[in-house]
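**Q** my questions are about this predicted structure, shown below with the sequence.
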Amino acid sequence: MPVRVNLERVLIERHMTLSELSVRVGVTLANLSILKTGKARAIRFSTLDAICRALHCQPGDLLEWVDGPPDADE
């Protein structure tokens, strides 16, 4: 996938667990785990906003475009 999710790195930098982030943003642990592993197909702007607020970061800290072939199902 050409978009890489760097949620794990940001969590480590902020000394926060995925469980703690889940409570702070009101998103299930399962959905955050899908996002963290890069398996998410989309993210709502409201969710991205909540995550950025909780982690005091910018969307570009969490998402990174990398050169490569697009997903096969697109």
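**A** Alright, I've got the coordinates.
**Q** spell out the residue ranges of the strands in this structure.
**A** With strands called from DSSP state E, the chain shows them at 3-5, 63-65.
**Q** give me whichever of these is most buried.
**A** Highest mean neighbour count of those: strand 3-5, a mean of 15 (counted as mean count of other CB atoms under 10 Å). The C-beta positions use only the backbone N, C-alpha and C, and glycine is treated the same way.
**Q** mind showing which ranges of the chain have poor pLDDT?
**A** 1, 71-74 (pLDDT under 70).
**Q** surely V66 meets V3?
**A** Yes - using CB atoms under 8 Å, V66 is in contact with V3, at 7.5 Å.
**Q** what does stretch 4-22 rub up against?
**A** By CB atoms under 8 Å, 6 or more residues apart in numbering, the surrounding residues in contact with stretch 4-22 are 27-29, 32-33, 35-38, 40, 51, 54-57, 61-66.
**Q** again, but for stretch 49-65
**A** 2-7, 10-11, 14, 16, 21, 24-27, 48.
**Q** try 7 Å
**A** Stretch 49-65 is touched from outside by 2-7, 10, 14, 21, 24-26, 48, with contacts defined as CB atoms under 7 Å, 6 or more residues apart in numbering.
**Q** longest helix in this protein, by residue count?
**A** Looking only at the chain and at elements set by DSSP state H, the helix with the highest residue count is helix 45-55.
**Q** list the buried residues for that helix?
**A** T47, A50, I51, C52, A54, L55 (16 or more other CB atoms under 10 Å).
**Q** nearest to P70 among those?
**A** P70 lies nearest to T47 out of the buried residues of helix 45-55, by CB to CB, at 23.0 Å.
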